Structures are given as C-alpha cells and as structure tokens.
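Chemist: Below: sequence and its predicted model.
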Amino acid sequence: MAKVLLVSTVINKSLTKAVEDVEDCVDVKLVYSYSLYNYSVEEIQKLVDWADIVLIDVRGDPAILSNVNYGEKDVVVLVGGTTLMSKAKLGKFKMPAKAGTAIGSSETMKKRIEKMQKIIEGLGKVLPFGALKDGRDYVKLMKYWTNGGHENYKNMFLLIAKRFGADVNVDEPVEFPEHGIYHPTYGFDYKPVIDPNKPTVGVLFYGGMHFEQCLKTLDELIKRLNTNVIPVYTEGILGLRAVEEYFKEVDAIVSLLWFRLNGGPLGGDPRPTVELLKKRKTKLFTPALMYNQKIEDWERDERGLNVIQTITTVVLPEMDGGVEPIPICGVRNNEVVPIEDRVEKFTNRVNRWLELKRKPNSEKKIAIIVYNYPPG
C-alpha cells in the first residue's frame with residue numbers, strides 16, 4: 001500500500017472523502033498548511049521518512065518544508081515556491097529548471113501546466129529511459145489537483161496507488177474552465193435574470209482547486225444581498241479578465257479572492273483595475289477571507305486576522321480600491337464556512353452603499369469630521 005504525505009492549502013470535504021474512498025490502496029496522512037506552525041522540523045521529518053511520496057501544495061517556500069531532508073524521496077510540488085520546486089521529482093523524472101520557472105510564472109495555472117508539459121515533452125529525447133512517463137505522470141497529478149473536485153482527488157490518489165503496484169482503474173483529469181458562471185442553487189447552467197428595479201452585484205470567487213471552499217460563503221452572501229447577483233468563478237490570475245467579460249453592467253463587485261484582481265498572488269499593475277472600476281462607476285468590496293485561518297484562532301487572538309490573511313485579504317485588495325474588509329468566513333472542522341453575523345454585517349454595508357449610490361445627490365447628507373492633532 002502506498003503511503004502518501006499530503007501538505008495541503010486546499011480545505012474541503014471532497015478531499016477528505018477522496019482520502020476515505022482510497023484507504024484500501026493508499027494510506028494518506030493529511031497536513032493542512034495553516035497548521036504547519038504547530039509542527040517542529042523533526043515532526044515533519046518523521047512524516048517525510050514514513051511516506052513513500054510527498055505531495056506539497058503551499059504558497060511560497062515555508063522554511064519548515066524547505067529545511068527537511070527528502071533524500072531520494074518522490075516529492076511532487078503541486079503548488080509551491082522555487083526552493084521547493086528544485087526538490088521536485090517523481091521516479092526518474094527530476095524537475096528541469098525551465099519547467100520550475102514555468103510554474104512560478106504569472107500566467108494562469110492551466111497555462112503554466114501546459115507550458116511545463118511542452119518543456120517535458122521537448123526534453124523527451126534527452127531524459128533518462130522511463131523519465132518521460134514519470135514526467136507525464138507528474139503533470140497529470142498537477143492537473144488532478146489544480147482542477148479540484150472529488151473525482152480528481154480520488155483519481156490522483158489512484159494514480160499514485162497504480163505507480164506503486166495496485167491493480168486499479170484511473171480516469172483522466174476532469175478539467176475546469178478558467179472562468180464562468182455558477183450559482184450554488186442552480187449550478188453551472190444558471191442564467192442570471194436581471195430585475196431592472198434592483199441594483200446588480202457581481203461576485204467573484206475561485207474555480208479549480210479552491211472552488212468548493214468558496215461555496216458556502218457564496219451561498220450565504222447571495223441569500224443576504226437585496227440585489228441581482230451574477231456569481232462568476234475564476235482561476236485567480238484572471239480576475240480582471242472575468243470582470244471585463246461578465247460584469248459590464250453591475251453596480252458593485254464583491255471579490256471572494258485573495259490578493260489583487262490583476263495577477264493574483266504574483267501581483268500585477270493595479271492601474272488597469274482602478275481605471276476599469278472608475279470607467280464603469282463600480283464599487284469594489286473585498287471582505288476578509290480566512291481561507292487559511294481557524295475561526296477559533298481569530299476569535300481568541302486579540303489581533304484577529306493573522307499576518308497572511310491581513311496581507312492577502314486586506315492590504316493587497318485595498319490597492320485595487322477595495323473596501324469593507326470584514327471577516328466573513330474561516331476554517332471550522334477542516335472546512336471553510338461563513339461567519340453568519342459577519343456576513344450579515346458585510347451585506348448590510350453593501351446594501352447601504354448601493355442605496356446611497358441610487359439616492360439623488362440632493363437627498364444625501366455629508367458629515368465633515370475635523371481632527372485636531374494633538375491629541376485629537
């Protein structure tokens with residue numbers, strides 16, 4: 001039986017269900033990235049030594065993972081920084097520097113994987129015997145992971161089991177479009193019906209590997225907004241492109257994405273975002289999203305949001321002009337769930353902003369606050 005250590009940023013029930021479904025042929029130890037600070041290097045080293053193969057999905061290069069001795073162990077970096085990528089290998093395949101650079105580029109994950117696949121195929125004649133097949137399996141594992149969903153996770157583990165000798169059937173990855181419309185109640189076939197008497201809000205959320213962890217929060221938002229809603233998933237890098245394509249006539253945008261709209265985690269020029277929002281006279285609302293922080297930790301810590309959540313969901317979105325960074329979701333029982341009273345506060349604020357937008361200027365009241373320093 002194959003022994004797998006999976007360090008995961010993804011938090012959802014489909015993943016844990018897939019782990020349960022393959023327990024006859026794969027033994028999976030699952031460590032969530034938000035809990036890495038609870039481990040010592042020695043404890044992670046023991047887990048690595050136990051495993052036949054290590055799968056890593058993290059943002060950047062956490063020191064606790066970079067400082068571990070992987071030896072000749074198979075290490076599949078599904079998402080990670082350049083230091084971890086330099087340790088990546090599967091069987092006879094070792095990650096070429098060119099391919100590692102492709103994964104760290106500012107393109108969409110789909111485009112990055114395609115570029116990596118072309119590089120590996122191009123190196124086929126110079127790779128050791130058997131390494132090309134291992135390289136193709138590496139790419140396939142990444143496709144399963146980045147597209148997400150129960151069947152993809154399950155088949156990812158089954159492919160590993162097959163590599164270690166199990167007699168199992170493995171389906172090809174089911175690939176997710178880079179962006180599109182999805183409603184929690186009506187699914188992918190949803191066609192928004194716009195009531196002209198109501199304001200319209202576009203909601204951006206993650207597709208692919210983070211799709212499922214957005215859904216409960218998205219559903220709660222839609223129920224509480226007194227508006228037309230156009231819910232659009234996006235790969236993350238293409239947030240601005242999704243805005244241009246789907247939100248041509250909206251009064252406001254609510255982003256359930258980390259980082260900035262243009263470029264995702266690798267950043268990008270904020271000016272096209274600001275110019276587009278100004279041109280369309282659209283307000284951008286960016287609630288704080290604790291996709292990687294436990295609600296109980298947030299409640300207990302007097303600082304509230306930890307450093308990562310503050311940077312990714314408050315500081316960077318503010319560069320796009322985002323407002324109302326109210327925490328509306330977090331991790332509970334290894335699942336991302338909405339914080340209902342915070343969602344209510346956030347949606348009340350959005351609804352009031354939209355009421356203000358529609359109110360004639362002659363009826364608006366302005367308060368001017370004069371601050372005398374010191375002491376105020």
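Modeler: Sure thing, it's come through.

Chemist: what about Ile366, helix or strand, and which?
Modeler: Assigned by DSSP states H and E, Ile366 belongs to no helix or strand.

Chemist: contacting residues around it?
Modeler: Ile366 makes no contacts at all, as judged by Cβ atoms under 8 Å, 6 or more residues apart in numbering. Heads up, the C-betas are built off the backbone N, CA and C, glycines and all.

Chemist: Can you name the element that comes right after the helix or strand harbouring Trp298?
Modeler: Assessed by DSSP H and E, Trp298 sits inside helix 295-300. Following helix 295-300 in sequence order, the next helix or strand is helix 307-310 (DSSP H and E).

Chemist: what's that next one packed up against?
Modeler: With contacts defined as 3 or more Cβ pairs under 8 Å, 6 or more residues apart in numbering; DSSP states H and E, the packing partners of helix 307-310 are strand 288-294.

Chemist: can you tell me the average pLDDT over the strand it packs on?
Modeler: Summarised as a single mean, pLDDT over strand 288-294 is 94.

Chemist: Could you check how far that strand is from the centre of its chain?
Modeler: Here the centre of strand 288-294 is set off from its chain's centre by 11 Å, with Cα atoms, centre = their mean, to the nearest Å.

Chemist: Can you list the neighbours in contact with it?
Modeler: 9, 11, 33-34, 210, 213, 217, 256-258, 298, 305-306, 308-310, 312-314, 325-332, 336.

Chemist: repeat for stretch 349-359
Modeler: The contact list for stretch 349-359 (Cβ under 8 Å, 6+ apart) reads 199, 201, 225-227, 251-252, 254, 283, 285, 324, 326, 364.

Chemist: rewinding a little: restricted to buried residues, select the contacts of strand 288-294 in PyMOL.
Modeler: Only the buried entries of those go into this PyMOL selection, using 16 or more other Cβ atoms under 10 Å:
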select buried, resi 9+11+33+34+210+213+217+256+257+258+298+305+306+308+309+312+313+314+325+326+327+328+329+330+331+336
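
Chemist: hang on, Asn197 in a helix?
Modeler: No. Secondary structure of Asn197 (DSSP: H, G, I helix; E, B strand; the rest coil): coil, not part of a helix.

Chemist: what about it, distance to Leu36?
Modeler: Distance, Asn197 to Leu36, by Cβ to Cβ, to the nearest Å: 50 Å.

Chemist: out of the two, which sits in the more crowded spot?
Modeler: Per other Cβ atoms under 10 Å, whichever of Asn197 and Leu36 has more neighbours is Leu36, with 15 against 6.

Chemist: Per-residue pLDDT of that one, please?
Modeler: Per-residue pLDDT puts Leu36 at 91.

Chemist: again, but for Thr347
Modeler: Here the pLDDT value assigned to Thr347 is 97.

Chemist: May I have the longest helix along the chain exported as CSV, CA atoms only?
Modeler: In the chain, ranked by residue count with DSSP state H as the criterion, the top helix is helix 340-358. Provided in CSV are the C-alpha atoms of helix 340-358 (Å, rounded to 0.1, in the frame of the first residue of the first chain):
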residue,chain,number,x,y,z
GLU,A,340,-23.1,34.4,9.7
ASP,A,341,-23.3,37.5,11.8
ARG,A,342,-20.3,38.9,10.0
VAL,A,343,-21.8,38.1,6.6
GLU,A,344,-24.9,39.9,7.7
LYS,A,345,-22.9,43.0,8.7
PHE,A,346,-21.0,42.9,5.5
THR,A,347,-24.0,42.5,3.2
ASN,A,348,-25.9,45.3,5.2
ARG,A,349,-22.9,47.6,4.4
VAL,A,350,-23.0,46.6,0.7
ASN,A,351,-26.8,47.1,0.5
ARG,A,352,-26.4,50.6,2.2
TRP,A,353,-23.7,51.6,-0.2
LEU,A,354,-25.9,50.7,-3.1
GLU,A,355,-28.9,52.6,-1.7
LEU,A,356,-26.6,55.6,-1.3
LYS,A,357,-25.5,55.2,-5.0
ARG,A,358,-29.1,55.4,-6.2
